[in-house]
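> Fold the stuff below for me.
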Amino acid sequence: QVQLVESGGGLVQAGGSLNLSCATSGRPFRGSAMAWFRQPRGKDREFVASITGSGVATYYANSVKGRFTISRANAKSTVYLQMNSLKPEDTAVYYCAARPVGLQYPTTATYDYENWGQGTQVTVSS
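Predicted coordinates:
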């Protein structure tokens, strides 16, 4: 059974930091691109950040560039999202997602991702 389990969300004041984790199991991790998306209440799910299967290249939405950092630990089958300088507009449910096994390169489209976590709530107060 494939599982992606996010953790690390919570309530933080504007300007603060959070570090999200996504632990995967039940499928190969190394070599598959991973991404973080978020969905504000009442809005569509949107791309936040992604990382290639090798971990060499990363990509970010313009709204988070310079504040968020995605990384992965293949030995732990885990992907991370370090979020700094948080703003109220970052408030959303954050989801991690995995591309099909062996697809190294990430995209920004939700339909390109095969497996999803259940989401973790991030709330930034002003």
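> Could you look up the SS state of K43?
Applying DSSP: H, G, I helix; E, B strand; the rest coil to K43 yields a three-state assignment of coil.
> how many neighbours does it have?
For K43, the neighbour count with other Cβ atoms under 10 Å is 9. Any C-beta I mention is one placed from the backbone N, CA and C, and that applies to glycine too.
> Distance-wise, check it relative to T91.
For K43, the distance to T91 equals 11 Å [Cβ to Cβ, to the nearest Å].
> The most centrally placed residue in the chain sits in which helix or strand?
Central residue of the chain (Cα atoms, centre = their mean): W36, 2.2 Å from the mean position. W36 belongs to strand 34-39 when assigned by DSSP states H and E.
> Not counting its neighbours along the chain, what's nearest the residue nearest to the centre of the chain?
Spatial nearest neighbour of W36, chain neighbours left out: V48 (4.4 Å); criterion: Cβ to Cβ, 6 or more residues apart in numbering.
> Tell me how many other residues crowd S7.
Neighbours of S7 (other Cβ under 10 Å): 13.
> Contact partners for the closest residue to T78 other than its chain neighbours?
Distances taken as Cβ to Cβ, 6+ apart put A23 closest to T78, at 5.0 Å, once the chain neighbours are dropped. Taking Cβ atoms under 8 Å, 6 or more residues apart in numbering as the criterion, A23 is in contact with 3-5, 7, 76-78.
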